[in-house]
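Trainee: Here is a sequence with its predicted model. Questions after.
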Amino acid sequence: MHQIAETRTRIFGETPNLSFNAPQSPLTDSPDDTFPGSFISLYSLLPMPPNPHPKPPLILVTGPSRSGKSEWAEWLAHHSHKPVTYVATAAIAPDDAEWQARIAQHQARRPAAWQTIAGPVTLDTLLQTAESNTCWLIDSLGTWLANLLDDDDETWQQTLQSLVEALQQRQGEVIIVSEETGWGVVPAYPIGRLFRDRLGEATRRIGAIATSVYLVTGGHVLNLSQLGTPLDQAIATPDGR
């Protein structure tokens with residue numbers, strides 16, 4: 001720790017304060033709870049040079065069914081300390097009681113101050129209306145994609161490219177929830193395989209431009225941006241690291 005202090009003093013000409021607050025739990029605001037999967041790295045103790053034109057964060061939260069990925073994304077949105085707009089991408093199915101119960105569960109968790117808008121198809125257009133100093137939570141990529149499965153491959157590629165470009169041009173913070181599929185049995189039907197492949201492609205494309213990527217699984221949150229290496233960078237290096 002003292003070596004870190006000396007390094008900061010040499011580089012930045014300051015005497016650092018080595019005290020820091022314990023990471024907080026995603027379920028409470030108590031500093032006594034340990035944030036799952038967190039760690040203090042050397043780089044987190046070094047102040048970063050100011051960015052004159054900082055880009056608002058783009059955060060991807062992915063995980064399997066019932067993993068808590070939406071809860072973690074909601075926690076991140078709440079702690080952005082910005083006005084939150086919740087973009088619900090699921091199509092309403094009044095005749096599906098189980099689906100309606102899932103939607104009601106999500107609605108019950110949202111703070112009353114959050115604005116909710118429907119975005120079952122036109123995510124790229126909606127994102128263009130987002131203002132700076134706001135946080136948009138899109139839940140989820142998979143339900144959005146399910147509404148577009150009838151599109152042919154060319155139309156789908158254009159739609160995905162438009163979404164990626166809208167995210168790159170974002171004016172406010174954006175958090176996207178995505179489902180993990182394709183880790184197990186190959187779907188028996190063509191429509192299931194199409195969904196799996198398109199969701200995998202969309203998640204990969206968005207993860208490549210995200211400022212932070214989280215995987216929520218097994219009751220834990222993993223910050224893949226800290227633990228891993230971007231795929232394009234790994235492929236470009238001789239040893240793959």
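Mentor: Nice, I can see it.
Trainee: tell me which residues form a beta bridge with residue 214?
Mentor: residue 61, residue 223 (DSSP bridges).
Trainee: Would you quantify the distance from residue 85 to residue 113?
Mentor: 11 Å (C-beta to C-beta, to the nearest Å). Just so you know, the C-beta spots here come from the backbone N, C-alpha and C atoms, and that holds for glycine as well.
Trainee: Which residue of these two possesses the greater neighbour count?
Mentor: Of the pair residue 85 and residue 113, residue 85 is the one with more neighbours under other C-beta atoms under 10 Å, namely 22 against 8.
Trainee: phi, psi of the more buried one?
Mentor: Dihedral pair for residue 85: phi -110, psi 120, per degrees, to the nearest 10.
Trainee: wait, doesn't it sit right on residue 134?
Mentor: Yes: counting by C-beta atoms under 8 Å, residue 85 does reach residue 134; the two are 6.3 Å apart.
Trainee: which stretches of the protein form helices?
Mentor: 2-12, 69-78, 97-109, 123-127, 141-146, 153-168, 190-209, 224-227, 231-236 (DSSP state H).
Trainee: Now render these as a markdown table, adding distance to residue 61, mean neighbour count and mean pLDDT.
Mentor: Formatted as a markdown table, these follow (distance: least, C-beta to C-beta, whole Å; neighbours: other C-beta atoms under 10 Å; pLDDT from 0 to 100):
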| stretch | distance to residue 61 | mean neighbour count | mean pLDDT |
| --- | --- | --- | --- |
| helix 2-12 | 30 | 12 | 41 |
| helix 69-78 | 4 | 21 | 96 |
| helix 97-109 | 14 | 11 | 80 |
| helix 123-127 | 16 | 18 | 94 |
| helix 141-146 | 10 | 22 | 96 |
| helix 153-168 | 14 | 15 | 98 |
| helix 190-209 | 10 | 16 | 97 |
| helix 224-227 | 10 | 15 | 96 |
| helix 231-236 | 18 | 10 | 91 |
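Trainee: I'd like the ones you listed as a markdown table, with distance to residue 174 appended.
Mentor: Shown next, in a markdown table, are those (distance: least, C-beta to C-beta, whole Å):
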| stretch | distance to residue 174 |
| --- | --- |
| helix 2-12 | 31 |
| helix 69-78 | 10 |
| helix 97-109 | 18 |
| helix 123-127 | 7 |
| helix 141-146 | 12 |
| helix 153-168 | 6 |
| helix 190-209 | 10 |
| helix 224-227 | 15 |
| helix 231-236 | 21 |
